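Engineer: sequence first, then the predicted structure, then my questions.
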Amino acid sequence: MTRARRRGLAALGLVLALSACRSKPSGPDVAGLIADLKGSDAQKKGQASLALVRLGEPAVPALIEMLKSPEPGERASAASTLFGMGEKAHAAAPALGEALSDMEQQVRMGAAMALENMGPAAAPAVPALITALKDSDGMVRQRAVIALGAIGPAAEAAVPALAQAARNDPQHSAAEDAIQRIRKR
């Protein structure tokens, strides 16, 4: 190989390396994953949900937006995916609190479960969880009780409502347990 050819190849390598540095870093395609999560293919939906859960916080804004979808199934899928993230989805706590008043039971249940899985990071949703203690659906009420217990001391404001639930609701043992968890007894 001639000296000129080696220099030409070295220059070409340098140009390619520089252009690679200027290109956008490749990362997960959140928009594509959200599209799959909204789709009708159950396998793609499941894979997209798992990928978004693994991605964590960078996917939360898109999932918060999805909680506002006119499609109940999409809202439920967003809540379910946020459930899988646990405390990494803490920025979604206010939006999940709003979802506790959704018309669809499945969305309210998913929102309560996602807040439960966040633990103390769900503290911004305590007022909405207190309201959910009066939900018409017993399962939603139960998940709200458990979520308040998982939040712990930051849910102190819920103790009077939990005490009322302990007296009037079939979920009374769960409400008593939540009060103990909040008061760390």
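Structural biologist: Cool, the structure landed. Numbering: from 1, shown residues only.
Engineer: please make it C-alpha for all contacts and neighbour counts, starting now.
Structural biologist: OK.
Engineer: what about whichever helix or strand residue 62 is part of, distance to the chain center?
Structural biologist: Using DSSP states H and E, the element containing residue 62 is helix 60-66. How far helix 60-66 lies from its chain's middle: 8 Å, per CA atoms, centre = their mean, to the nearest Å.
Engineer: cool, and stretch 129-145?
Structural biologist: 19 Å.
Engineer: 45 is where my numbering starts, stick with that
Structural biologist: Sure thing, new numbering starts at 45, so read that last one as stretch 173-189.
Engineer: who touches it?
Structural biologist: The contact list for stretch 173-189 (CA atoms under 8 Å, 6 or more residues apart in numbering) reads 141, 144-145, 149, 152-153, 156-157, 160, 191-192, 202, 205-206, 209, 215, 218-219, 222.
Engineer: if we can go back for a sec, who are the packing partners of the helix or strand following the helix holding residue 106?
Structural biologist: With elements assigned by DSSP H and E, the helix or strand that comes after helix 104-110 is helix 116-129. Applying 3 or more CA pairs under 8 Å, 6 or more residues apart in numbering; DSSP states H and E, we find helix 116-129 packed against helix 74-82, helix 86-99, helix 104-110, helix 149-162.
Engineer: just these: most buried one?
Structural biologist: Ranked by mean neighbour count, these are led by helix 149-162 with a mean of 27 (mean count of other CA atoms under 10 Å).
Engineer: which neighbouring elements make contact with it?
Structural biologist: Using 3+ CA pairs under 8 Å, 6+ apart as the test, helix 149-162 ends up in contact with helix 116-129, helix 137-143, helix 182-195.
Engineer: and the helix or strand just after that helix, what's buried?
Structural biologist: Counting by DSSP H and E, the next helix or strand C-terminal to helix 149-162 is helix 170-176. By neighbour count on 16 or more other CA atoms under 10 Å, the buried set for helix 170-176 is 170, 172, 173, 174, 175, 176.
Engineer: quick one: distance of helix 170-176 to the chain centre.
Structural biologist: Using CA atoms, centre = their mean, the offset of helix 170-176 from its chain centre is 17 Å.
Engineer: next one: stretch 110-125
Structural biologist: For stretch 110-125, the distance to the chain centre is 11 Å (CA atoms, centre = their mean).
Engineer: I'm done for today, thanks for sticking with me.
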